[in-house]
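Q: Following is a predicted model, sequence given first.
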Amino acid sequence: MKRRSVLKIGGALPLLSLGSLGAVDAFGQAKPASVTVLTWGGLWGDALQKGVGQRLTAQTGVPVIEDRGSTPDQRITKLKVGLAHQTYDLVQLHDGLFPLAVSQGVLQKINPHSPRLTNLPDVYPQFKHEYWVAQIYSAIGIAYNAKAIKKPPRSWADLWRPEFRGKIVLPASSHSIGLYIIPIGAMAAGKSPKDGDAGFEMFEKMVKLQPIFEPDTDTIMADLVSGEATIGVLYNAQTETVAKRNRDVKWVFPEEGAISISWGTGIAKNAPSLDYAERFLNLTLDPQGQIGFAEAFNYPGTNRKTQALLPPALQKSIVLSDAERSRLVDLDQQYMSEQRVSWMSRWNRIVAGA
């Protein structure tokens, strides 16, 4: 065979190889049939599909499928079961559960140098993690009824004022932040958030004040709207929603520091399409996509460019200043995860014995 013939055949081989893969994108990457993300349902899932899923499909032609039928811990289990033949590309969780996902080995490390993560440099550093990136965040502080409470609370310690007996609403232990009352108690006592003994000592005092324990955030909000509770632990984002129904409800950034809470996205280990998973993740960090969550849920976006695009009223009411963001308390979520079982048992014993 002549050399020219060999070159002609050799030059055709890459075309044959690409053709065998089916549709390809501008980068020569095979397009997957779909991108699948484990996430929440309801308004959250709708906002995610509108702000991220539909935009990815418009850009690439690849549909996004949301698996909304699992609780956050079940999402981690699904990824674990499917490790050998993974069918999911991404998972969304709150910051308290990502340590469990990492320890279970179900997440892919984020590549900060990926050309597909163009929005990552604009994300505030505190919201970028080795295995996931936060999309939105909030601050956990004190919501209170300014009409019913003449002396406004200023610190976590104020939650323990005796005049609030029977009027304090707290998340139950089953709530995603139910156990946060332990580090809150420790901070109220002037101790480290990791001082469990100090936290539980304060919790025992709190239980004697007969707080109202609620299993979900919506019920906490309803208690504050109706006046059944006059003070409680709540995100500043949700307090803005409560205030639209009861203008007397205000929110305080505690002197000891408000607790940071965030929700974000991780890429599944052995994801069917890492490239397209990165594209999806990148869109969760895009200012335009984050605006929808700010408007729907009062959550600030983690991209520093999002703030300037928000309506002035939202900028004023939900965006934390640089000074406030620097005072957010980032709980050691790995430590919290390790303590969860023993703390839950201790929490329940105290409540049952009251």
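A: That came in fine, so what should we check first?
Q: Show me the strands in the stretch 51-200 of the chain, by range?
A: Taking DSSP state E, counting those that start in this stretch as the test, the strands found in the stretch 51-200 of the chain are 64-67, 90-94, 107-108, 133-145, 168-171.
Q: Dump the ones you listed to a markdown table, plus mean pLDDT.
A: A markdown table is the format used below for the strands of the stretch 51-200 of the chain (pLDDT from 0 to 100):
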| stretch | mean pLDDT |
| --- | --- |
| strand 64-67 | 98 |
| strand 90-94 | 97 |
| strand 107-108 | 98 |
| strand 133-145 | 97 |
| strand 168-171 | 98 |
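Q: I'd like those written out as TSV, with mean neighbour count and distance to residue 177 added.
A: Backbone N, C-alpha and C define where each C-beta goes, glycine included. Compiled in TSV, the strands of the stretch 51-200 of the chain are given as follows (neighbours: other Cβ atoms under 10 Å; distance: least, Cβ to Cβ, whole Å):
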stretch	mean neighbour count	distance to residue 177
strand 64-67	18	24
strand 90-94	23	9
strand 107-108	22	22
strand 133-145	24	7
strand 168-171	23	5
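Q: would you list those strands in a markdown table and tack on distance to residue 268?
A: Below are those laid out as a markdown table (distance: least, Cβ to Cβ, whole Å):
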| stretch | distance to residue 268 |
| --- | --- |
| strand 64-67 | 11 |
| strand 90-94 | 6 |
| strand 107-108 | 7 |
| strand 133-145 | 14 |
| strand 168-171 | 29 |
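Q: what about the longest helix in the chain?
A: helix 333-352 (DSSP state H).
Q: Among the strands of the stretch 51-200 of the chain, which comes closest to residue 301?
A: strand 133-145 (5.9 Å; Cβ to Cβ).
Q: so what does that closest one touch, helix or strand wise?
A: If contacts are counted by 3 or more Cβ pairs under 8 Å, 6 or more residues apart in numbering; DSSP states H and E, strand 133-145 sits against strand 231-235, helix 236-243, strand 249-252, strand 259-268, helix 274-284, helix 287-297.
Q: Tell me the buried residues in the longest helix of the chain?
A: Buried residues in helix 333-352, counted by 16 or more other Cβ atoms under 10 Å: 333, 336, 337, 339, 343, 346, 347.
Q: now the angle between strand 90-94 and it, please.
A: Using axes from the mean of the first three to the mean of the last three Cα atoms, to 10 degrees, one finds that helix 333-352 and strand 90-94 are set 50 degrees apart in direction.
Q: Excluding chain neighbours, what is closest to residue 182?
A: residue 199 (3.6 Å; Cβ to Cβ, 6 or more residues apart in numbering).
Q: Next up, the contacts around the one you found.
A: Shown in contact with residue 199 (Cβ atoms under 8 Å, 6 or more residues apart in numbering): 181, 182, 183, 184, 185, 186, 189, 191, 193.
Q: close enough to count as contact, the third one and residue 333?
A: By that I understand residue 183. No - the criterion here is Cβ atoms under 8 Å, and residue 183 misses it with residue 333 at 10.9 Å.
Q: ok, and the closest non-adjacent residue to residue 233?
A: residue 170 (5.6 Å).
Q: And residue 164, by the same measure?
A: residue 231 (5.4 Å).
Q: hang on, the earlier thing: relative to residue 310, which of the helices and strands packed on strand 133-145 is closest?
A: helix 287-297 (5.7 Å).
Q: So which elements touch the helix or strand following the closest one?
A: Once helix 287-297 ends, the next helix or strand along the chain (criterion: DSSP states H and E) is helix 312-318. With contacts taken as 3+ Cβ pairs under 8 Å, 6+ apart, helix 312-318 sits against helix 236-243, helix 287-297.
Q: which residues of the chain score low on pLDDT?
A: Judged by pLDDT under 70, the chain has its weakly predicted residues at 1-29.
Q: In it, which residue is most central in space?
A: Geometric centre of the chain, nearest residue: residue 263, 1.1 Å, by Cα atoms, centre = their mean.
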